[in-house]
Structures are given as C-alpha cells and as structure tokens.
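Enquirer: Output the structure for:
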Amino acid sequence: MLLVIDVGNTNTVVGVYEDEKLITNWRLSTERNRTIDEYGILFRNLFTLAKMDSEKITGIAISSVVPPLNFTLTKMAENYFGLTPYYVDHSSETGMPICYHPATDVGADRIVNSVAAIQRYGTPCIIVDFGTATTFDAVSKNSEYLGGVITPGLNISAEALFQRAARLSRVEIRRPEQVVGQTTIGSVQSGLYYGYIGLVDGILRRMIAELGESTKVIATGGLARLIGRGSELIEEIDDDLTLEGLRLIYERNRK
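Expert: Have a look, this model is predicted:
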C-alpha cells in the first residue's frame, strides 16, 4: 500500500492507495509545531481507527509547500513506518515539461494536480485549486505545464475584510439565497460568495481565450464544491486530484 501526503499551508490531506484504488483519506490541520512523535502517533491512530495495518505501507509520497515540516515528516516516516518518503518537486519525472521560470518556483501541489488532470481529463486543461491561495494552472494541448495565476484564497479575503472593517462580524461563508442581501450578514455572504465566483470565472475566461475553447476546467481543494457549483466555467470537481497525482508520480519515479 502507498501512503500519500499533501502538505498545504492550512490543511494536510492524507490518503492510502491499494494499487490504483484510494481506499481511505483524511483532511488534517497543518501544524508546524508538531513534533516527530506527535505526527507519528497521529498517523498510527488514524490507521487504528480505520482498522488498517500500517505495516502494510510499502511506500510514502509527499508533496509539500511547507518546507519547515519536511524534516519532521521524513523522520516520522523513518521512525514509524521504516520508510524514506519520496518528495515530489520540479525535478521529478512526470512526463510533463515545465515551461515556468524558474522551474524551482512551481509548487509541488501544482505539479501533482496537473499530472493527475492530464491523466484523468486530457488536455488542454486548467486546474483551479481552492486552498490558502487559489491557484489556476494551465496545461497545453501538448501536456506542457505553462504556468498560471495565484490569488488570495477566499478565507484569506474574508479574514482581511473582518479585520479591517470594525463593524462587520465574521459570517459563515456559504451561498446565499439571493444576491441582494437584506441584512448585513446576507450582504457580506453575497459579496464573498458571488464576488469570488466573479473573480474565478473572470480569470478563467481570459485563460480559456489564450488556451482555446476546448480547454477543460477542473476544480479541487477545500472550497472546490462551494465555489465550483456556482461557477459557469468549472466542468469537473475532483476532491482526490492531488492524491491521485502523487500516486502517479510516485509510480513513475520508482521504476
């Protein structure tokens, strides 16, 4: 079995594959101050609750955008699983040329998302990942990683609003029943939700104009379902895209 770990700035997504099948997955908070043993105990407890044998793990693949955690996770993998993890980066063999300057700046999460999208949906394609930042990644019809767009995530945008506007209280981020809010809460929810969809679709229209009308648009990440269902241009919502990309790249690089 393969253990895959995607370490984001806010959340860490963990999955276990048996051959090509994702058999379980978890979404955790990314905690930079956890020790090696705290991570080890956490993983062991997850396996116990899922009634899975951690000793059946034969490989570990990690994509991380939080470099300070890499040493901790490496030692955790060695101490608790007896394995040295494989880290995805720009130098990994992916079959996808990276046309980005410098290539070292491309986040591992953007690489794994793009590789999985090519495999599952074909090219050309755009992947929108709703995380701490929202990233838009463009893949050409020749399966080349072209680059993309990075914007503040919805939660970051909302937090900035609440911190700078003294009379506005925090609200649940959700789709309101109507655009015109008749309360302050409704007005803020409408602005956050429909405003962000306007941002997403506005960027996508410009990217599609550059890539071609046949471009497929795939969404993933924590808020993909909330925003993706309101978007006019997002065609697929794939919760497991990042984990699948990790599996594909790990399999390609272990041969």
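
Enquirer: in the protein, which spans are helices?
Expert: 36-49, 70-81, 108-121, 154-164, 184-211, 224-228, 241-254 (DSSP state H).

Enquirer: Pick out the shakiest of those, pLDDT-wise.
Expert: The weakest mean pLDDT among the helices of the chain belongs to helix 154-164, with a mean of 88.

Enquirer: In that helix, which of the residues would be classed as buried?
Expert: Buried residues in helix 154-164, counted by 16 or more other CB atoms under 10 Å: 154, 155, 156, 157, 158. Just so you know, the C-beta spots here come from the backbone N, C-alpha and C atoms, and that holds for glycine as well.

Enquirer: Can you tell me what sits against it?
Expert: Helix 154-164 is contacted by residues 10, 130, 132-134, 152, 168-170, 173, 188, 192, 196, 223, 227 when judged by CB atoms under 8 Å, 6 or more residues apart in numbering.

Enquirer: now stretch 50-60
Expert: For stretch 50-60, the external contacting residues (CB under 8 Å, 6+ apart) are 1-5, 16, 23-24, 43-44, 47, 77, 80-81, 83-86, 250, 254.

Enquirer: Report the mean confidence score over it.
Expert: Averaging pLDDT along stretch 50-60 yields 94.

Enquirer: quick check, distance from that stretch to the centre of its chain.
Expert: 23 Å (CA atoms, centre = their mean, to the nearest Å).

Enquirer: do stretch 231-241 as well
Expert: 12 Å.

Enquirer: do the same with stretch 223-243
Expert: 11 Å.

Enquirer: Can we start the residue count at 448 from this point?
Expert: Renumbered: residue one is now 448, and that last one reads stretch 670-690.

Enquirer: can you dump the C-alpha coordinates of it into PDB?
Expert: Taking Å, rounded to 0.1, in the frame of the first residue of the first chain, the C-alpha atoms of stretch 670-690 are listed here in PDB:
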ATOM      1  CA  LEU A 670     -13.700  25.000  -1.200                       C
ATOM      2  CA  ALA A 671     -14.000  23.500  -4.600                       C
ATOM      3  CA  ARG A 672     -17.500  22.300  -4.200                       C
ATOM      4  CA  LEU A 673     -18.800  25.500  -2.700                       C
ATOM      5  CA  ILE A 674     -17.400  27.700  -5.500                       C
ATOM      6  CA  GLY A 675     -17.300  25.200  -8.300                       C
ATOM      7  CA  ARG A 676     -21.100  24.600  -8.200                       C
ATOM      8  CA  GLY A 677     -21.700  28.300  -8.700                       C
ATOM      9  CA  SER A 678     -19.100  28.800 -11.500                       C
ATOM     10  CA  GLU A 679     -20.200  28.900 -15.100                       C
ATOM     11  CA  LEU A 680     -16.900  27.500 -16.400                       C
ATOM     12  CA  ILE A 681     -15.800  24.800 -13.900                       C
ATOM     13  CA  GLU A 682     -16.800  21.500 -15.500                       C
ATOM     14  CA  GLU A 683     -15.400  18.900 -13.000                       C
ATOM     15  CA  ILE A 684     -14.900  18.900  -9.200                       C
ATOM     16  CA  ASP A 685     -12.300  16.300  -8.200                       C
ATOM     17  CA  ASP A 686     -11.700  16.100  -4.500                       C
ATOM     18  CA  ASP A 687      -8.900  13.500  -4.900                       C
ATOM     19  CA  LEU A 688      -7.000  15.100  -7.700                       C
ATOM     20  CA  THR A 689      -3.900  15.900  -5.700                       C
ATOM     21  CA  LEU A 690      -3.700  12.500  -4.100                       C
END
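
Enquirer: Show me the contact partners of that stretch.
Expert: By CB under 8 Å, 6+ apart, the residues outside stretch 670-690 that reach it are 451, 453, 460, 462, 464, 469, 472, 510, 556, 559-560, 563-564, 567-568, 574-577, 600-602, 620-622, 640-641, 643-644, 647-648, 651-652, 655, 663-667, 691.
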